[in-house]
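K.L.:
show me how the following folds:
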Amino acid sequence: MHQSWRRAAAVAVAAAGLQLAGCGTAQREAHYRASAARLLDDGKFQQAYALAHRAIELDPRDARARLLAARVAERLHDPKGALEQYLAALQLDPALAAARAGAGRIYLYARQAEQALGLAEQGLQFAPGDPQLLAVRAAARAERGDLQAALPDAEAAARAEPDDAYIVGLLSGLYARAGQTDKAVAVAAAAVDRAQWSIALRYVLAEALAGAKRGAEAAAQLREIVATEPRVAAHRLRLARLLDTQGDAAGAERALRDGVDATHDDALKLALVQYLGERQGPSAARGQLHRFLDAEPDNDNLNLLLAGYSERAGAVTEAEQLYRAVIAHSGVRERGLAARLRLARLRIAARDGTTAGQLVAEVLRARPQDADALLLRADLALADGKPAAAITDLQAIQRARPEDPAVLRVLARAQQAGGQIELAAQSLRAALARAPGDAATFEQLFRLQMQQQDYAQAHATAAALQQAQPKLALGPYLDGQVYEAEQQGDAALASYERALQLQPEVVEPLTALVRLQLAARHPERALARLDAAIAASPGNAPARNLKAEILLTQKRYDEAATLFGEATALLPSWPVPYRRLATLQMLQKQPEAAITTLTRGLAATGSPLELVTDLGAVYEAVGKPDEAIRLYDDYLKSDPKSPIALHNLATLLSSYRSDPASLERAAQLVAAIGAADDPRVLDTRGWIAFRSGDYAQAVPLLQQALERVPDSPLLHYRLGMAQYKSGDAAGARRNLEVAVKSGRGFPGVDDARATLATLRRSG
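P.N.:
Prediction:
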């Protein structure tokens, strides 16, 4: 129970206890029950919850107390708890119609019409004509598609209780389903005329009017509701949704903005941002978020939403900064835990399992059974090659979320990694039984079948996906992949073309199609197909990038540069075309242009690591190592545990600086990486030792690195130099000769030649 509930419970029970001192158990139980009923009517649900359960503790066999507890649980949005109490009440008093009706409504909400129908029909034997039970039976019959039998029950219920919002809403909805929209409006309007104070009935009338294509009148009803309860965010959200469905985007936006001004409610702020994102694009949504955050910089709801937009825009560094700020501000409260999980997913994507694991562990310390955290821990276990540990977590999640197809998908991955191929296929088929149209599950099953080279089943899975999702390109795209594996190029091309007809903007089938044409040595066909894609979708940045790649291989540099530039303009947050344009500019001996391109890309994309490493390499190539060092220093401020950034900065410091402070810092950076067996780490540690004059330590470290990458001229050079300095002339000469004879350039090649010449002269 939430802390505020506990406080409310304590106050309510203490107050009631003062009044009941000296009374008998039955009197106290009756008083608690009556007090809970009054609190429920007054909308004080937490206090009512406490007193209803106190009454049950005093008399667990009082069906009326159970019924009251169920009603309170419903108002507290706890359908599971409500159903338990309704069913407990029925065990004590099978003739209690209100309990049967309440349980029936919950079953209907859960789409379990048969259970609801059974409860209603049994109850009507005890209480023939009970309007609530008639309403449940009507709704259950309608859910089963028997509208003809449902209407008489609903009409009878409405005659008995003509102002009950549930019954009126049911009857109005059934008339609308039967095509009798005038009747649907009339029954709701009559109820509103009799009970104009009822918000619930006005909602019923608004829905009926909207269904009858009387949108202006429906909106008028919702505005009446807003005027009656101006601080309730849900009313304004419904008004905005209605106006949007009527094509009044300006009115919908105005309704949300008015709501924000009137209530300052976060739900309305989030709704406004999301609406702007859908209607005006991500930049409008981000702009509104920034305006909200200017006034409320510590609003973690808004910061989380902005981080999500940053992620989708490819600005991963910005997203990570926002998540870290939320964590710092919210600690282990709800939003802080949510930020940890989102940040962990980003670190997993960046292959930083260490940080991701720490974040997940922090969540599990606060909430040991958190299913999302367990799911991420299972992902990490899989990445570490520990499928058994992943399966243990996934089975725990399955017990809590047995219907969740996402859990079954990850379980299938774990089973596949553990060699349990048939179990993995069974898990995926179970996921499809729960979510028959889930494209991700179809694709995972397809990948499993392709790995087993079961092409017949893979074709069948692709066909089933096409049937389940006929508007998606994924089905024919996957079918094309099977044809490729079967070396049926023409059939594969035809499948990829079908995929592009369904979704011309999807890049994967276009890329596959172009790849096939290039493999068949038909670059002109590939270029023609890309021209067609660009003509059909002028904003298609990936198509331009693909065409530029082909032109680059043909040394048509100017045309390629133009297309890479167009791709960056069309999709500024996509790092790839910046990288490729910079590569082209370096080929053309234009390093300053490459620096400009990469700097612009960093600003537009949120400084992803791949652009940082590219720019660092350019700085190093043009003799500006200090600029590269500053670049990595800046990057590590936002991502202080990035193994790649730590390693690259350590390499730069140890290669271009010789002062003790720089070399000591380089050693600390490498130590922070871990991964002691990684040849790059061994190389850098060895070179730091060499530069520090510790040749005895440098030699074994560089030998270990060379054992893992024996064809590296750089490692042969570095080991040779360490051997030379430690007095091993024969080993030094052998390794330096390999480095020089490789014919490949590497930092220090001139030094290698000079040292080798010295060794040859001396011996």
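
K.L.:
where does the chain have low pLDDT?
P.N.:
For the chain, the stretches with pLDDT under 70 are 1-24, 313-314, 674-676, 763.

K.L.:
now what about stretch 707-724, what contacts it?
P.N.:
677, 679, 682-683, 686-687, 689-690, 695, 698-699, 702-703, 705-706, 729, 731-736, 738-740, 742, 744, 746-749, 751-752, 755-756, 759 (C-beta atoms under 8 Å, 6 or more residues apart in numbering). C-beta: built from backbone N, CA, C; applies to glycine.

K.L.:
report the buried members of these.
P.N.:
For the contacts of stretch 707-724, a burial check counting by 16 or more other C-beta atoms under 10 Å picks out 679, 682-683, 686-687, 689-690, 695, 698-699, 702-703, 705-706, 731-733, 735-736, 738-740, 742, 746, 748-749, 752, 755-756, 759.

K.L.:
in helices, which of the contacts of stretch 707-724 appear?
P.N.:
679, 682-683, 686-687, 689-690, 695, 698-699, 702-703, 705-706, 729, 731-736, 738-740, 749, 751-752, 755-756, 759 (DSSP state H).

K.L.:
list the contacts of residue 312.
P.N.:
Contacts here follow C-beta under 8 Å, 6+ apart; on that basis residue 312 touches residue 282.

K.L.:
kindly report the same for residue 762.
P.N.:
residue 729.

K.L.:
try residue 224
P.N.:
residue 202.

K.L.:
any idea how far the helix or strand hosting it is from the middle of the chain?
P.N.:
Using DSSP states H and E, residue 224 sits in helix 215-228. Relative to the centre of its chain, helix 215-228 is centred 35 Å away, using C-alpha atoms, centre = their mean, to the nearest Å.

K.L.:
surely residue 116 is in contact with residue 136?
P.N.:
Yes. The criterion here is C-beta atoms under 8 Å, and residue 116 meets it with residue 136 at 5.7 Å.

K.L.:
between those two, who's got more neighbours?
P.N.:
residue 136 (32 against 27; other C-beta atoms under 10 Å).

K.L.:
list the buried ones in the helix or strand harbouring residue 661?
P.N.:
Assessed by DSSP H and E, residue 661 sits inside helix 660-673. Within helix 660-673, the residues scored as buried using 16+ other C-beta under 10 Å are 662, 663, 665, 666, 667, 669, 670, 673.

K.L.:
so which pair among those residues is furthest apart in space?
P.N.:
The two members of the buried residues of helix 660-673 with the most space between them (C-beta to C-beta) are 662 and 673, at 17.3 Å.

K.L.:
quick check on residue 519: phi, psi?
P.N.:
Dihedral pair for residue 519: phi -60, psi -30, per degrees, to the nearest 10.

K.L.:
tell me how many other residues surround it.
P.N.:
If you count neighbours by other C-beta under 10 Å, residue 519 ends up with 11.

K.L.:
for the remainder of this discussion, apply numbering that starts at 7.
P.N.:
With 7 as the first residue, the last one maps to residue 525.

K.L.:
any idea how far it is from residue 503?
P.N.:
Noted for residue 525: a distance of 16 Å to residue 503, by C-beta to C-beta, to the nearest Å.

K.L.:
thinking again about what came up before, got the buried residues for the next helix or strand after the helix holding residue 230?
P.N.:
Using DSSP H and E, the helix or strand that follows helix 221-234 in sequence is helix 239-251. Residues of helix 239-251 classed as buried: 239, 241, 242, 243, 244, 245, 246, 247, 248, 249, 250 (neighbour count, 16+ other C-beta under 10 Å).

K.L.:
wait, the first one touches residue 262, no?
P.N.:
Put plainly, it is residue 239. No. Residue 239 is beyond contact range of residue 262, at 9.8 Å (criterion: C-beta under 8 Å).

K.L.:
mind listing the shared neighbours of the two?
P.N.:
Residues touching both residue 239 and residue 262 by C-beta under 8 Å, 6+ apart: residue 274.

K.L.:
so which of the buried residues of helix 239-251 comes closest to residue 607?
P.N.:
Nearest member of the buried residues of helix 239-251 to residue 607, counting by C-beta to C-beta, is residue 250, at 36.3 Å.

K.L.:
before we move on, back to that, may I see the buried residues of helix 239-251 arranged in TSV, with distance to residue 547 as well?
P.N.:
Converted to TSV, the buried residues of helix 239-251 look like this (distance: C-beta to C-beta, whole Å):
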residue	distance to residue 547
239	38
241	42
242	38
243	35
244	38
245	38
246	33
247	33
248	36
249	34
250	29
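
K.L.:
tell me how far residue 618 lies from residue 349.
P.N.:
Taking C-beta to C-beta, one finds residue 618 at 19 Å from residue 349.

K.L.:
same check on residue 501?
P.N.:
Using C-beta to C-beta, residue 501 is found at 39 Å from residue 349.

K.L.:
ok, residue 557 next?
P.N.:
From residue 557 to residue 349 the distance is 40 Å (C-beta to C-beta).

K.L.:
likewise residue 724?
P.N.:
To residue 349, residue 724 is 37 Å away according to C-beta to C-beta.

K.L.:
these two: which is more packed in?
P.N.:
residue 724 (28 against 23).

K.L.:
tell me the spacing between that one and residue 751.
P.N.:
For residue 724 relative to residue 751 (C-beta to C-beta), the value is 15 Å.

K.L.:
can you check residue 88 too?
P.N.:
74 Å.

K.L.:
so those two - more neighbours on which side?
P.N.:
With neighbours defined as other C-beta under 10 Å, residue 88 and residue 751 compare such that residue 88 has more, 22 against 8.

K.L.:
right, and that one touches residue 108 too?
P.N.:
Yes. Counting by C-beta under 8 Å, residue 88 does reach residue 108; the two are 6.9 Å apart.

K.L.:
what is in contact with the two at once?
P.N.:
Residues touching both residue 88 and residue 108 (C-beta under 8 Å, 6+ apart) are 76, 77, 80.

K.L.:
return a PyMOL selection command for the buried portion of those residues.
P.N.:
Buried residues within the shared contacts of residue 88 and residue 108, by 16+ other C-beta under 10 Å, are selected in PyMOL with:
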select buried, resi 76+77+80
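
K.L.:
narrow the shared contacts of residue 88 and residue 108 to those in helices?
P.N.:
Going by DSSP H, the helices hold 76, 77, 80 from these.

K.L.:
and the second one, what does it touch?
P.N.:
Counting by C-beta under 8 Å, 6+ apart, residue 77 makes contact with 46, 88, 108.

K.L.:
give me the distance between it and residue 401.
P.N.:
Taken as C-beta to C-beta, the span from residue 77 to residue 401 is 36 Å.

K.L.:
ok so, going back, dump the contacts of residue 77 into a markdown table; add distance to residue 338 and secondary structure as well.
P.N.:
Formatted as a markdown table, the contacts of residue 77 follow (distance: C-beta to C-beta, whole Å; DSSP: H, G, I helix; E, B strand; the rest coil):
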| residue | distance to residue 338 | secondary structure |
| --- | --- | --- |
| 46 | 33 | helix |
| 88 | 30 | helix |
| 108 | 37 | helix |
